[in-house]
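Participant: Here you go, sequence then predicted model.
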Protein chains: 4
Amino acid sequence: MIRAAIWGASGYSGAELLRFLLRHPLVKVERVFAQTTVGKKVAEIYPIFNGRTELVFEPWEPDGSVTASDPRVEELDVAFLALPSGEAMRVVPHLIPRVKKVIDLSGDFRLKEVSLYEQYYRRKHTAEELLTMAVYGLPELNREEIRKAKIIANPGCYPTGVLLALVPALKSGIVDPEEIVVNSLSGVSGAGRSAAIEMSFVEVNENVRAYKIGFHQHIPEIINTLEAVTGLRVRLTFIPHLVPLNRGIYTTITASLTAEINEEGLREMYRNFYASSPFVRISQRCIPEIKDVLGTNYCDIGFAIDHQAGRLVIISVIDNLGKGAAGQAVQNMNIMFGIPEGEGLIA
Amino acid sequence: MIRAAIWGASGYSGAELLRFLLRHPLVKVERVFAQTTVGKKVAEIYPIFNGRTELVFEPWEPDGSVTASDPRVEELDVAFLALPSGEAMRVVPHLIPRVKKVIDLSGDFRLKEVSLYEQYYRRKHTAEELLTMAVYGLPELNREEIRKAKIIANPGCYPTGVLLALVPALKSGIVDPEEIVVNSLSGVSGAGRSAAIEMSFVEVNENVRAYKIGFHQHIPEIINTLEAVTGLRVRLTFIPHLVPLNRGIYTTITASLTAEINEEGLREMYRNFYASSPFVRISQRCIPEIKDVLGTNYCDIGFAIDHQAGRLVIISVIDNLGKGAAGQAVQNMNIMFGIPEGEGLIA
Amino acid sequence: MIRAAIWGASGYSGAELLRFLLRHPLVKVERVFAQTTVGKKVAEIYPIFNGRTELVFEPWEPDGSVTASDPRVEELDVAFLALPSGEAMRVVPHLIPRVKKVIDLSGDFRLKEVSLYEQYYRRKHTAEELLTMAVYGLPELNREEIRKAKIIANPGCYPTGVLLALVPALKSGIVDPEEIVVNSLSGVSGAGRSAAIEMSFVEVNENVRAYKIGFHQHIPEIINTLEAVTGLRVRLTFIPHLVPLNRGIYTTITASLTAEINEEGLREMYRNFYASSPFVRISQRCIPEIKDVLGTNYCDIGFAIDHQAGRLVIISVIDNLGKGAAGQAVQNMNIMFGIPEGEGLIA
Amino acid sequence: MIRAAIWGASGYSGAELLRFLLRHPLVKVERVFAQTTVGKKVAEIYPIFNGRTELVFEPWEPDGSVTASDPRVEELDVAFLALPSGEAMRVVPHLIPRVKKVIDLSGDFRLKEVSLYEQYYRRKHTAEELLTMAVYGLPELNREEIRKAKIIANPGCYPTGVLLALVPALKSGIVDPEEIVVNSLSGVSGAGRSAAIEMSFVEVNENVRAYKIGFHQHIPEIINTLEAVTGLRVRLTFIPHLVPLNRGIYTTITASLTAEINEEGLREMYRNFYASSPFVRISQRCIPEIKDVLGTNYCDIGFAIDHQAGRLVIISVIDNLGKGAAGQAVQNMNIMFGIPEGEGLIA
């Protein structure tokens, strides 16, 4: 059994991680750490877990360390960090010498250039020395590196949906890398579990709003990964929107076509590209919907061609807490420990 | 008092029209026509009108004619048609010789080229001879023609949001007319009041889907109007999405910038363009939200510049039943009858 | 023109009050007071008001006084207080000598017994001397007292829905006053505009929860008013629920029948009872729905008889911000100033 | 492996059944039958199953028989019927001689008195001879009978929530069986997957409505089961409401207390009553919420005492597609086949 612990287990990603891990046949969740809910049983904060776990939220120190207790951190196989960006980088250095593997769901180790991190996340990076050790955990693009990694920088929810949809088209050369527009629509759990008027029910329900246009922290993650993977210069505009859903990300990408191709050809190309990736599905309907992936670790991708304008439209859907966070973290863990990639994730 | 009647008054646009007209100080709604609800009181189908009107839905004939009754159609000043596309063109020819003004909310008289209509609406046009008589009813673009029109083709909901947002930028030459992408998110009332599994609550709630990419019937209305108004060749991709809202359209437009401009400059330019148009507001917040316009006839417009990619993002919001349908129809009526444009609409 | 000001204008009830007053033909809103939004234009916080008012939020002092400014408080005809309970009672004593009429939407002046207030609201009452001056503002029950009142205690949202539904049945003696159960379902705006995890979108959406069973602060308001109006001893259980709606209260009341009556008889009895009350409608459908009253000041009431169990079911629906708060406040104002009761409210 | 088939697999309950069975380690779903989707792959109608099953919907004959195909019906261990009431009774007689066990999710075999069935379901019962053979499948009340049953009448969603909440209190004699009021709030999937204006998004969203008060078909199921289990005469009013949720039933029960008891005593009593029932949880928070059980087979129960009125409030929550339909059907199957009761259901 893989012995796991979760830091930040009381947030939405942490709770979803717990849901996946509790039903994973090869994992035992040993300890859960939190801040505002310390001392409470998990089932008290999330009654859905009542009867399924007796775990109690434990605290951790400002320096990232935790009180020795059974099992000691040294005995853990994997530490998942479902903390906000900025907090993870204070905990990871403390864990590195102690646990076998670290999977960080925050944005702290995704960007290799500290200056970019500091520009987009608006804070100093305090664990710069670990950046080269961290592997970007998008299995469909770099499964082999993940297998050998010590630290996984689990991708952002938006980047997961964008990258899986765009990389095959870009690599095949059928679209102009400088004419790409991405509109993403996100459910509200993507913003985390917190008290804020602008996330209150009345403000979000029966409403839509775009936000952080041109300065969202996922922009460099998207563009740098695309450029690294394809070797191309990418000019891409990313526009995130908040829509009244609990979960799910709908990503609509438009790109100018530079070659002749039809929808069936696209499906064929993408099926080949993802032939060994069980969690990317080329949609049987032309256009995927969010409900096709809710609660799962799947990313469904579909296509439409605007013949009149000469543009390709690629659409991807994920569950932001599944393939966009906790599901992908478990997928990475499976790869790191040599377990079948879908263990605990399918169904 | 303007004596008005509504055909198709039992649908969502028809009911919203009735709501606006009942509180319009210069209008009297004399008769309401419907098909499935004939003989029932309006307040029976829409109890919100209980105590506010005693009107009863009356039938009309397959040829578009209605039974003589008081007041006779000949005594009406204005006929509003809130019928599905395809049905309006059967009624309008019957009304033209009898009523002073006709305002048609369907798509039947918006496209001047019959071939385009037949391609996008997938049916024969049976009132071709009236097409030249119909004026496209977007007051902010052609108020003067509306004033003199006999038939108004009230714009589609999506085109209203797109045109008001795009025309000033295109006319000013600051964006490339061949690099335009439009993503619109629509509430469900835009699809009308009808029984369909795909519009049922469970299928729409907690879900998002794009649809009719590349062949939505509003595409030629958008592109032809843009080209006519600006004299430019436009290459635009339009992607409509269904989101879980009752009402509202959120339109996010991306266009490549061809000139230096900042957000304040844009606001200034748009404020000038719409200086005499009380229903277009340049958003005080940078990014408008749907709730800013719910229940109103306003279109709010905001801007963001993606400096890194050199693109302008224009966002507009309307209520699809307000400025996107019934509100705009009343605005057109006001103009046609020489009444202040906002009468019955403000508040 | 009635010169009005609103304290607490930045909350949901305050904004709805402003919406009603801006379109009221006989009212001019002169000043708006707020706390967290001081110095900002109303249209900045609520862009829906953009172009309709230039009002700016002004501050008030801890003792309830406001800075002299034009018009001075002394020149106001009516002060509306849309403040949380506990804050209103600090402002009202300051206003009483200065403005003609005070309409308080909080719970501070609804209970005549200070001990009850302190038990249910869990704080000291600091303006006890004004309690006898305050008139409970439910026009359908005590229109005449309202006409002459200086201070109106505008009823709570839940009590409005319960009282209008129950009083005629209780007064007529057809139900057992000791066998009454009330289940109310409320939209989220009833909880006010504030940052709280339990009111965040993800926690409320796709969820229902009952709360404050047996100790909700509206319980004594409901029971005491019922007992005062009917002279009966009432044994009533009130169970409020939060449901995923922005607005509306659905109240389902069950009471044991003590007399023979059918649904048509009930409708007749209620129509008579409310014959001179334009805002209570006896539902044309048997069972009213929330959407029948959204955005209005109506209360719709319907009936069903459970013959097998010998119980009467009475259902009422209101908009919690309309008849449940701001609409009723305007109705009270109209009565106090001798204006037709529905002025500014119908439509 | 248990070889299973599903009739009516294209509806919401059928699809949820498939979801549970596909992840059940001891079950193989061999065939799925449907009507409107015949010939299509399951994954085409429900893309969420893409990659998880290759099953294709097959037709069945008007007389309930199906075409021989592999495996033949005779080789099946269990047939699940997720058909509308009225259709199941035409299929079951055909299956009885052929399959080992039949689990019927419809209302056709729940009432033992044909006259009651015909009164509440408004049709003739055509398989009366099988009624005595059918066992009411609420495991927490009659696990032993279920174990030996040939046909299971899987309980209705509302009755499941009501019975689990009420039986312990009634059996213990602490409440008056003639003073019971039940208000239930249901998500929309409870009404099945069908095209109907009143179930369309716009009609349900931002709305609440009660329906079928006094004549809902679940009333005799609730009352007869309560009377049979407790030996008491029950006078109960049941009021179902439709609320804007996809899934979940919130049941609020009020009953007059006839004995002294506090909330802790109630919890203790219920915990004892359900000591061997893993799917009934006595809520750790006083008041359960729908989200505590979404996607699961749990029923959570909580309590509040209205001391002033002398009433007990019992609240239960279930997922109408889980414990209210498909989950409970799988639980019944587990019991019938001697498998641990929670197999395939926990997680």
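Facilitator: Received it, and whenever you're ready, just let me know what you need. Numbers count the residues shown, from 1 in each chain, chains lettered A, B, ... in the order given.

Participant: can you tell me the helix or strand for the closest residue to residue A:32 other than its chain neighbours?
Facilitator: Among residues not flanking residue A:32 along the chain, residue A:9 sits closest, at 3.8 Å (C-beta to C-beta, 6 or more residues apart in numbering or on different chains). No exception for glycine: its C-beta is placed from N, CA and C like everyone else's. Per DSSP states H and E: residue A:9 is located in neither a helix nor a strand.

Participant: tell me, how many neighbours does residue A:9 end up with?
Facilitator: Using other C-beta atoms under 10 Å in any protein chain shown, residue A:9 has 26 neighbouring residues.

Participant: Identify the residues contacting it.
Facilitator: Counting by C-beta atoms under 8 Å, 6 or more residues apart in numbering or on different chains, residue A:9 touches A:15, A:17-18, A:32-34, A:42, A:57, A:82.

Participant: just residue A:305 next, same as before
Facilitator: Counting by C-beta under 8 Å, 6+ apart, residue A:305 touches A:257, A:261-263, A:311-313, B:214.

Participant: As JSON lines, these with distance to chain D and neighbour count would be great.
Facilitator: What follows is the contacts of residue A:305, written out as JSON lines (distance: C-beta to the nearest C-beta, whole Å; neighbours: other C-beta atoms under 10 Å in any protein chain shown):
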{"residue": "A:257", "distance to chain D": "26", "neighbour count": "18"}
{"residue": "A:261", "distance to chain D": "23", "neighbour count": "18"}
{"residue": "A:262", "distance to chain D": "21", "neighbour count": "11"}
{"residue": "A:263", "distance to chain D": "16", "neighbour count": "13"}
{"residue": "A:311", "distance to chain D": "25", "neighbour count": "26"}
{"residue": "A:312", "distance to chain D": "21", "neighbour count": "25"}
{"residue": "A:313", "distance to chain D": "18", "neighbour count": "23"}
{"residue": "B:214", "distance to chain D": "21", "neighbour count": "16"}
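
Participant: Considering only those, which also neighbour chain C?
Facilitator: When those are checked against chain C using C-beta under 8 Å from any C-beta of the partner chain, none falls in range.

Participant: Just to be sure, which of the residues you listed are found in strands?
Facilitator: A:257, A:311-313 (DSSP state E).

Participant: and residue A:89, which of the three is it?
Facilitator: What DSSP: H, G, I helix; E, B strand; the rest coil gives for residue A:89 is helix.

Participant: what about it, how many residues close to it?
Facilitator: By the other C-beta under 10 Å criterion, the neighbourhood of residue A:89 contains 26 residues.

Participant: next one: residue A:135
Facilitator: Residue A:135 sits with 20 neighbouring residues when counted by other C-beta under 10 Å.

Participant: My reading is that it is in a strand; is that accurate?
Facilitator: Yes - judged by three-state DSSP, residue A:135 forms part of a strand.

Participant: doesn't residue A:137 make contact with residue A:328?
Facilitator: Yes - when contacts are counted by C-beta atoms under 8 Å, residue A:328 is listed as touching residue A:137 (6.8 Å).

Participant: residues from the stretch 101-250 of chain A in reach of chain C?
Facilitator: Contacts of the stretch 101-250 of chain A with chain C, taken as C-beta under 8 Å from any C-beta, map to A:188-189, A:193-197, A:199-206, A:244, A:246.

Participant: filter the residues you listed by proximity to chain B?
Facilitator: Answer for these near chain B (C-beta under 8 Å from any C-beta): A:203, A:206, A:244, A:246.

Participant: Return the distance of residue A:340 relative to residue D:321.
Facilitator: From residue A:340 across to residue D:321, the span is 29 Å (C-beta to C-beta, to the nearest Å).

Participant: can you check residue A:280 too?
Facilitator: Taking C-beta to C-beta as the measure, residue A:280 and residue D:321 are separated by 28 Å.

Participant: Show me which of these two is the more surrounded one.
Facilitator: Using other C-beta under 10 Å as the criterion, residue A:280 and residue D:321 rank with residue D:321 on top: 29 against 24.

Participant: from memory that one sits against residue D:11, does it?
Facilitator: No - the criterion here is C-beta under 8 Å, and residue D:321 misses it with residue D:11 at 10.0 Å.

Participant: How many residues are close by residue A:265?
Facilitator: Neighbours of residue A:265 using other C-beta under 10 Å come to 14.

Participant: secondary structure element for it?
Facilitator: Assigned by DSSP H and E, residue A:265 falls within helix A:263-273.

Participant: How about residues contacting the next helix or strand after that helix?
Facilitator: Using DSSP H and E, the next helix or strand after helix A:263-273 towards the C-terminus is strand A:280-282. By C-beta under 8 Å, 6+ apart, the surrounding residues in contact with strand A:280-282 are A:140, A:164, A:267, A:270-271, A:274, A:298-302, D:47, D:50-51.

Participant: which of these sit farthest apart?
Facilitator: Maximum pairwise distance in the contacts of strand A:280-282, criterion C-beta to C-beta, is 19.1 Å, between A:140 and D:47.

Participant: ok, of the contacts of residue A:9, which one's closest to chain C?
Facilitator: Taking C-beta to the nearest C-beta as the measure, residue A:15 is the one of those closest to chain C, at 11.1 Å.

Participant: Let me see the backbone angles for the nearest residue to residue A:289 once chain neighbours are set aside.
Facilitator: Computed as C-beta to C-beta, 6+ apart, the closest residue to residue A:289 that is not its neighbour in sequence is residue B:209, at 4.4 Å. Note on residue B:209: backbone dihedrals following degrees, to the nearest 10 are phi -150, psi 140.

Participant: In the sheet, which residues pair with residue B:209? Tell me.
Facilitator: Counting by DSSP bridges, residue B:209 is bridged to residue B:242.

Participant: I'd like the distance from residue A:190 to residue C:205, if you could.
Facilitator: In this view, residue A:190 and residue C:205 are 14 Å apart by C-beta to C-beta.

Participant: Check residue A:126 too.
Facilitator: Relative to residue C:205, and taking C-beta to C-beta, residue A:126 is found at 36 Å.

Participant: out of these two, which sits in the more crowded spot?
Facilitator: Per other C-beta under 10 Å, whichever of residue A:126 and residue C:205 has more neighbours is residue C:205, with 25 against 13.

Participant: how about the residues of the stretch 151-300 of chain A near chain B?
Facilitator: So far as C-beta under 8 Å from any C-beta goes, the stretch 151-300 of chain A lies against chain B at A:179, A:181, A:183, A:185, A:203, A:206-211, A:213-214, A:219, A:235-237, A:239, A:241, A:243-248, A:250, A:252, A:254, A:287-291, A:294.

Participant: Give the ChimeraX command for selecting the buried subset of those.
Facilitator: Per 16 or more other C-beta atoms under 10 Å in any protein chain shown, the buried members of those correspond to this ChimeraX selection:
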select /A:179,181,183,185,203,206,207,208,209,210,211,213,214,219,235,236,237,239,241,243,244,245,246,247,248,250,252,254,287,288,289,290,291,294
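
Participant: correct me, but residue A:215 touches residue A:122?
Facilitator: No - applying C-beta under 8 Å, one finds residue A:215 not in contact with residue A:122, separated by 9.6 Å.

Participant: of those two, who's got more company?
Facilitator: Set residue A:215 next to residue A:122 and count neighbours by other C-beta under 10 Å: residue A:215 wins out with 14 against 10.
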